[in-house]
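Enquirer: Task: produce atomic coordinates for the following.
(4 chains)
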Number of protein chains: 4
Amino acid sequence: MVALKLGMVGGGQGAFIGGVHRIAARIDGCFDLVAGAFSSDPARAHASAAELGIDADRSYADFNEMAKAEAARADGIDAVSIVTPNHLHGPIAEAFLAHDISVICDKPMTATLAQAESLVAAAEASKGRFFLTHNYTGYPMIRQARQMVAEGALGDIRIVDVNYLQDWLSEAPTEDNKQAKWRMDAAQSGGGAIGDIGTHAYNLACFVSRLRATSLSATLSSIVAGRSVDDDARITLQFNGGARGHIWASQVAIGNENNLTLAVYGTKGSLRWAQENPNVLLFTELGKASQIITRGGAAANSAAMAVTRIPAGHPEGYLEAFATLYREAADVILTKDLSGATIGIQDGLVGVRFVDACQRSSSNGATWIDLR
Amino acid sequence: MVALKLGMVGGGQGAFIGGVHRIAARIDGCFDLVAGAFSSDPARAHASAAELGIDADRSYADFNEMAKAEAARADGIDAVSIVTPNHLHGPIAEAFLAHDISVICDKPMTATLAQAESLVAAAEASKGRFFLTHNYTGYPMIRQARQMVAEGALGDIRIVDVNYLQDWLSEAPTEDNKQAKWRMDAAQSGGGAIGDIGTHAYNLACFVSRLRATSLSATLSSIVAGRSVDDDARITLQFNGGARGHIWASQVAIGNENNLTLAVYGTKGSLRWAQENPNVLLFTELGKASQIITRGGAAANSAAMAVTRIPAGHPEGYLEAFATLYREAADVILTKDLSGATIGIQDGLVGVRFVDACQRSSSNGATWIDLR
Amino acid sequence: MVALKLGMVGGGQGAFIGGVHRIAARIDGCFDLVAGAFSSDPARAHASAAELGIDADRSYADFNEMAKAEAARADGIDAVSIVTPNHLHGPIAEAFLAHDISVICDKPMTATLAQAESLVAAAEASKGRFFLTHNYTGYPMIRQARQMVAEGALGDIRIVDVNYLQDWLSEAPTEDNKQAKWRMDAAQSGGGAIGDIGTHAYNLACFVSRLRATSLSATLSSIVAGRSVDDDARITLQFNGGARGHIWASQVAIGNENNLTLAVYGTKGSLRWAQENPNVLLFTELGKASQIITRGGAAANSAAMAVTRIPAGHPEGYLEAFATLYREAADVILTKDLSGATIGIQDGLVGVRFVDACQRSSSNGATWIDLR
Amino acid sequence: MVALKLGMVGGGQGAFIGGVHRIAARIDGCFDLVAGAFSSDPARAHASAAELGIDADRSYADFNEMAKAEAARADGIDAVSIVTPNHLHGPIAEAFLAHDISVICDKPMTATLAQAESLVAAAEASKGRFFLTHNYTGYPMIRQARQMVAEGALGDIRIVDVNYLQDWLSEAPTEDNKQAKWRMDAAQSGGGAIGDIGTHAYNLACFVSRLRATSLSATLSSIVAGRSVDDDARITLQFNGGARGHIWASQVAIGNENNLTLAVYGTKGSLRWAQENPNVLLFTELGKASQIITRGGAAANSAAMAVTRIPAGHPEGYLEAFATLYREAADVILTKDLSGATIGIQDGLVGVRFVDACQRSSSNGATWIDLR
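Expert: This next block holds a predicted model:
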């Protein structure tokens, strides 16, 4: 396998998610990071590049310049990872797509619906591909669940319930908390908990159930005094086909680190999964003992095994799930085969519409918003 | 300790909760069951009485007759347990209270708000005491939680989240399922999941947090086709003091037997508890490792120890928690001291008002109902 | 059902296990406590009796006197519970058996092998029955496991592994710890951890597997400085039929309250159970997903259901398991049917021989002791 | 950071652990795989190399040739990973050490004690470094535990208990199971469960406790009929300083995938950890509630944080722990600083001596073997 050439925008010194993307890109050896605009601050950008072993002539301080220069090189990048605050995702993605360079973008896709719609148009006009890193979809047990639902193991879906609980914003963050700072600024983030983790929750609900909400009612709260964005979100959903759904996303639920849980209930059975111990999936058929399905174990199905690296009992984690998205992006870029489980531009649009609908609903007393 | 004399209405052959009450009444030796109207069917009533070792002259086929006869005896009962379908709770309780006999009544207090209000008046006019068996309040770790909240261990309460999930009504029950049958009939039950388990959830939320809802928005669903009462309920709550709450009660959540969970989040910490493994309580203070508090263990507080029978590591269960309510009822009857944690007539009224408000809200598109 | 009349020796004020026996005797309504010699100290004996509502003329200060007096009464006791320190079990049991009064005795059966053999002879000569309260055998999931093993669900048994870990003796107990005091005195207890909890572990291994050790090698340690009895025991076992076994019993394993766990591994499958959450049993068939069998749940078998009081999801605990032994004792006394799962005089002898063999092995450098 | 150049011996098509080493080497970007002798079968070797993107001129069919050729190149490898069956570890390692090329070797170090002693001499004579991949030592919570023990959080260590349970060899493996085949051949493996997983267990016990066994008694069994190596091992240990230990390693414990658990009990507290959910560590101080320490969480110490890549609640797994060993090897090679937690030649010798002692003990009826 020849590794693809990867660039990155954002993710310089002091950032969190950039490092995650870099490891994820490396794990399966599908990408070599060769270029970057790691910061909008030139000094920090070049220092970060040097630290990462990037050649100086491929370290940029401006993403437009980077897109143009890389597109002009014979050995230019095949894809770019975008790991900036949300409001920059759209403009940066468009800049690279304009040069037919594929984009691997952190979620949510954009900070506003207008940006999302503009980006969809840009993606349609480009030969580059667009991938959104809803990384929880990369867990083998999530793939297992998705396939089991599709095969009818649960019967007709009645209820999809997703909680995504954190506690790192239980108090007003200190001034120097870079991660918290831009997320607390609606202009940069487009929203609080609803955008940061609510979109993951909704994406996961749809990915596993293969359903989509037809309407929703949301209550977004700013529980910590003085906070301008939401830090707690409750969303009631109506799905196509009649299923009900509920999402609770909170960043002030003390004692929860990254407690994302999924439960899907059908007429014949149910599936339950928790991200903090992601290698197990609980499956119950009505009238039978619950079963513990394990990654790589006796009951793992083909969808799970396709993204499993090591034998059962040796836990794979967050970085491997993330790496699966990178590997699948590489496969699509190389083969043009879009039949897999990758999350793309339409999913991104669905996510931004979800945030927008939640904000409109909440502003109007949790009124129901039609999503069809 | 001299045991009090107990009667029972309902709970004959084939019933479930009657047997639970009888064991609960026996565990601490506070009550002797000496009389009963175990069924409205005289043959079944007397056969049940004989089986239970009740003297034939204290086996009744009619509760009014029983109230009158027992009140007239020198050795008449001190209290009566009511374990019939919900719509009979009110009339029966009133019959005994009219003779100043104390009442220990299963929940919900009544099937309708009118019945509840009538019963409150009857209780106020009686020298008998009224106790409602919201049995989950009897668990030592629930008492622990309640005391910790009162002492400020969590700071100001922000969120109370209670799920009560079962799966025994995931399909239409068979004809001979006596437990299911009357619960599916709104005239007898007063409601479906909302009355049967939703009231437990709301009572628990209030008991631990010492808060009360000022308003709510509810969606009650009948997920199984052809069902006339709700089997799935979602309630969003606003509490006095500003806390938010959420209750999810479902009887169609396959894989959940009696999965009642409580989480209380405050400004300083949180508590999490699950009924199916009730001897542990998870406590997290912001910025510290979570602690596993155990019944009888090193961190058990005085409220928990007061209702703990055996040392840590030897699990106490559902019947012991239930027995605690019986013991506390006996204490009140003997001492007239009402300062404890007993659940009484006002709590019962609050519960029926909750059901009523949920039904009104749900009928009006989940509109907010004021509870003040 | 008419309740049997029960007496008790030991279990006065300040004792632990006496109270447990009294609750266990009450739960199913099979016994009425009507007589007792609750202490060898007359003042304490009579004060305890009064507190328990025992008529003064049936409160005794001497067990021999009690046995004689009760045997002489028309309404004399049917059975006596013995809840004294271990070294008194044998003499007391013999006193009552001599009058054909059945005995329900706490474990271990006796403090010495000589006492055990004497008691076996006494039991054989009596019309009274002898029951030993290895209470963990009363858990429904243990009955489930025993039946599954008997039905061949595990194939041939290869390994039986039992751990019984506590921490309450991690330090030298304070002077006033009555429970610890007599247990630390070999003359009264007959041994430390090996007798107090090791016998439970071995009994459970045999009860579920229906195997018996043919030889063993043991290391008994006194880990806390200055302790004259063992507080940590490791025993390797060879069972009939070729299975291997291991028991670890410790009273100095900090963080373990009463952590008794059982695992049975066969050629086809395995079972795993933990006493602190006793309502679940993990069952794995080779090559399949593990199953969570629950008390009262869909996969509960007839042996488990026979000792289950309440529906799945409402936890039964230690006291209910203990009560099952009392109920079964009542059944045997009333029906003379010995075909059930009760633990009797021969099991008691097996247990005392186990302790004796462990002590001899450990004294000789963990040499193998033949038990056939 | 400039990546070091890495070669590999073994790990061609169809192998398991080779792929693990390659991912581990990549995760932190410390190594580039540039050469290999991936199989002793030339066709398979070169096909594997091509698949891995290795230049044809650096694909070798013979490890001696590879060591010589790479040593002669200006851009020759800095280190070689050895992922062959155990009996080849020693000769291969010596071949590279002879050319001062550092060695990263899978465990156990060698198949025989003679090979181990020869290798120790070779390592001492070389400028190359030797690293043994006891990968479980790379888990952050294991580093946390090790530091807590060193700091005295547990007081004096009393008991170290390690179980390593698997079930993949519960039946005789099929002919084409390459992983099982060589492990079942004592000439290639040097032993069964004792070498394959028992060494991990012992290494972990020593790594965390910083103790070493002074004597041991072992029983190695071949439970599956016809098996020539052990598949179940029980070892009782005496440590320096007076602590006791026990290891149970089994490959026939149905229902256990890779269930490695560690418990360390001291005079003041205990630590408990399980590899299948490795991001949590249970810590109990005598007389306090148990604490759940999490990787990256509030109570993580400096040793854990030093090997933590991503925030709390996003699980890191087996591959990250393995990668930590690669990163630390890179650090040592670059800096020559040996003060860290790396596992080296002396630990390897300790492990092989442990296997040898267990085999001698077991052959002599579990006699005690002195290890001093």
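Enquirer: For whichever helix or strand residue A:347 is part of, name the packing helices and strands.
Expert: Per DSSP states H and E, residue A:347 falls inside helix A:345-363. With contacts taken as 3 or more Cβ pairs under 8 Å, 6 or more residues apart in numbering or on different chains; DSSP states H and E, helix A:345-363 sits against helix A:113-124, strand A:130-132, helix A:199-209, strand A:213-221, strand A:232-239, strand A:369-370. C-betas here are computed from N, CA, C, even on glycine.
Enquirer: for it, which positions count as buried?
Expert: A:345, A:347-359, A:361-362 (16 or more other Cβ atoms under 10 Å in any protein chain shown).
Enquirer: Just the angle for that helix relative to helix A:199-209, thanks.
Expert: In terms of direction (axes from the mean of the first three to the mean of the last three Cα atoms, to 10 degrees), helix A:345-363 departs from helix A:199-209 by 120 degrees.
Enquirer: could you measure the nearest residue to residue A:47 once chain neighbours are set aside against residue A:179, distance?
Expert: Take residue A:47 and drop its neighbours on the chain: the residue closest to it by Cβ to Cβ, 6 or more residues apart in numbering or on different chains is residue A:13, 6.5 Å away. Shown here: residue A:13 relative to residue A:179, a distance of 13 Å by Cβ to Cβ, to the nearest Å.
Enquirer: so where do the strands sit in chain A?
Expert: Taking DSSP state E, the strands of chain A run over residues A:4-10, A:31-37, A:79-83, A:102-105, A:130-132, A:157-165, A:213-221, A:232-239, A:244-250, A:259-266, A:269-274, A:280-285, A:290-294, A:369-370.
Enquirer: Now the closest residue to chain C within the stretch 101-250 of chain A. Nearest residue, chain neighbours left out?
Expert: For the stretch 101-250 of chain A and chain C, the shortest gap (Cβ to the nearest Cβ) falls at residue A:144, measuring 11.0 Å. Using Cβ to Cβ, 6+ apart and skipping residues adjacent in sequence, the residue nearest residue A:144 is residue A:304, 3.8 Å away.
Enquirer: repeat for residue A:323
Expert: residue A:27 (3.7 Å).
Enquirer: give me the number of residues near residue A:46?
Expert: The number of residues packed near residue A:46 is 19, by other Cβ atoms under 10 Å in any protein chain shown.
Enquirer: Please name the bridge partners of the closest residue to it other than its chain neighbours.
Expert: The shortest distance from residue A:46 to any non-neighbouring residue, by Cβ to Cβ, 6+ apart, is to residue A:59 (5.1 Å). Taking DSSP bridges as the rule, residue A:59 bridges to residue A:36.
Enquirer: Quick check: residue A:59 touching residue A:35?
Expert: Yes: Residue A:59 is within contact range of residue A:35, at 7.5 Å (criterion: Cβ atoms under 8 Å).
Enquirer: Looking at the two, which has the bigger crowd around it?
Expert: Each of residue A:59 and residue A:35 has its neighbours counted (other Cβ under 10 Å); residue A:35 has more, 25 against 20.
Enquirer: And the residue lying closest to residue A:22 once chain neighbours are set aside, how far from residue A:165?
Expert: Nearest residue to residue A:22, sequence neighbours excluded (Cβ to Cβ, 6+ apart): residue A:33, at 6.0 Å. Look at residue A:33 and residue A:165: by Cβ to Cβ, they are 33 Å apart.
Enquirer: Of those two, which one has the most company?
Expert: Each of residue A:33 and residue A:165 has its neighbours counted (other Cβ under 10 Å); residue A:165 has more, 27 against 23.
Enquirer: So the closest residue to that one other than its chain neighbours versus residue A:207, what's the distance?
Expert: Among residues not flanking residue A:165 along the chain, residue A:256 sits closest, at 3.7 Å (Cβ to Cβ, 6+ apart). Distance check for residue A:256 against residue A:207: by Cβ to Cβ, it reads 22 Å.
Enquirer: what residue ranges in chain A are flagged as low confidence?
Expert: Along chain A, the parts satisfying pLDDT under 70 run over A:1.
Enquirer: got the phi/psi numbers for the spatially most central residue of it?
Expert: For chain A, the residue nearest the mean C-alpha position is residue A:134 (2.0 Å; Cα atoms, centre = their mean). Main-chain torsions, residue A:134, degrees, to the nearest 10: phi -80, psi 80.
Enquirer: Verify the contact between it and residue A:343 for me.
Expert: Yes: look at residue A:134 against residue A:343 with Cβ under 8 Å: they come within range, at 4.8 Å.
Enquirer: which neighbours do the two share?
Expert: Residues touching both residue A:134 and residue A:343 (Cβ atoms under 8 Å, 6 or more residues apart in numbering or on different chains): A:203, A:207, A:325.
Enquirer: Quick check: which of those are also close to chain D?
Expert: By Cβ under 8 Å from any Cβ of the partner chain, no member of the shared contacts of residue A:134 and residue A:343 lies near chain D.
Enquirer: Of the buried residues of helix A:345-363, just say which sits nearest to chain D.
Expert: Closest approach between the buried residues of helix A:345-363 and chain D, by Cβ to the nearest Cβ: residue A:351, at 19.9 Å.
Enquirer: wait, doesn't that closest one sit right on residue A:110?
Expert: No: the criterion here is Cβ under 8 Å, and residue A:351 misses it with residue A:110 at 9.2 Å.
Enquirer: Helices along the stretch 51-200 of chain A, start to end?
Expert: A:63-72, A:89-97, A:113-124, A:140-150, A:178-183, A:186-189, A:193, A:199-209 (DSSP state H, counting those that start in this stretch).
Enquirer: which secondary structure elements does the fifth one contact?
Expert: Contact partners of helix A:178-183 among helices and strands, from 3+ Cβ pairs under 8 Å, 6+ apart: helix A:186-189.
Enquirer: Are there helices or strands packed against the helix or strand following the helix it packs on, and which ones?
Expert: Scanning forward in sequence from helix A:186-189 by DSSP H and E, the next helix or strand is helix A:193. The contact analysis (3+ Cβ pairs under 8 Å, 6+ apart) places helix A:193 against no helix or strand.
Enquirer: what residues does helix A:193 touch?
Expert: The contact list for helix A:193, computed with Cβ under 8 Å, 6+ apart, reads A:169, A:220, A:229, A:230, A:231, A:232, A:233, A:249, A:250, A:251.
Enquirer: So how do I select the buried members of those in PyMOL?
Expert: Only the buried members of the contacts of helix A:193 enter the following PyMOL selection, criterion being 16+ other Cβ under 10 Å:
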select buried, chain A and resi 169+220+229+230+231+232+233+249+250+251
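Enquirer: Include distance to residue C:80 when you put the contacts of helix A:193 into a markdown table, please.
Expert: Formatted as a markdown table, the contacts of helix A:193 follow (distance: Cβ to Cβ, whole Å):
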| residue | distance to residue C:80 |
| --- | --- |
| A:169 | 64 |
| A:220 | 67 |
| A:229 | 71 |
| A:230 | 67 |
| A:231 | 64 |
| A:232 | 61 |
| A:233 | 64 |
| A:249 | 62 |
| A:250 | 58 |
| A:251 | 62 |
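Enquirer: for the contacts of helix A:193, which one is nearest residue A:91?
Expert: Distances from residue A:91 to the contacts of helix A:193, taken as Cβ to Cβ, are shortest for residue A:229 (21.1 Å).
Enquirer: Report the contact partners of that closest one.
Expert: Contacts of residue A:229 by Cβ under 8 Å, 6+ apart are A:183, A:184, A:185, A:186, A:189, A:191, A:192, A:193, A:222.
Enquirer: do that again at 6 Å, thanks
Expert: A:184, A:186, A:191, A:192 (Cβ atoms under 6 Å, 6 or more residues apart in numbering or on different chains).
Enquirer: How many neighbouring residues does the closest residue to residue A:181 other than its chain neighbours have?
Expert: Distances taken as Cβ to Cβ, 6+ apart place residue A:173 nearest to residue A:181, at 7.1 Å, with adjacent residues excluded. The number of residues packed near residue A:173 is 17, by other Cβ under 10 Å.
Enquirer: close enough to count as contact, residue A:173 and residue A:180?
Expert: Yes: using Cβ atoms under 6 Å, residue A:173 is in contact with residue A:180, at 3.5 Å.
Enquirer: Right, I'll leave it there.
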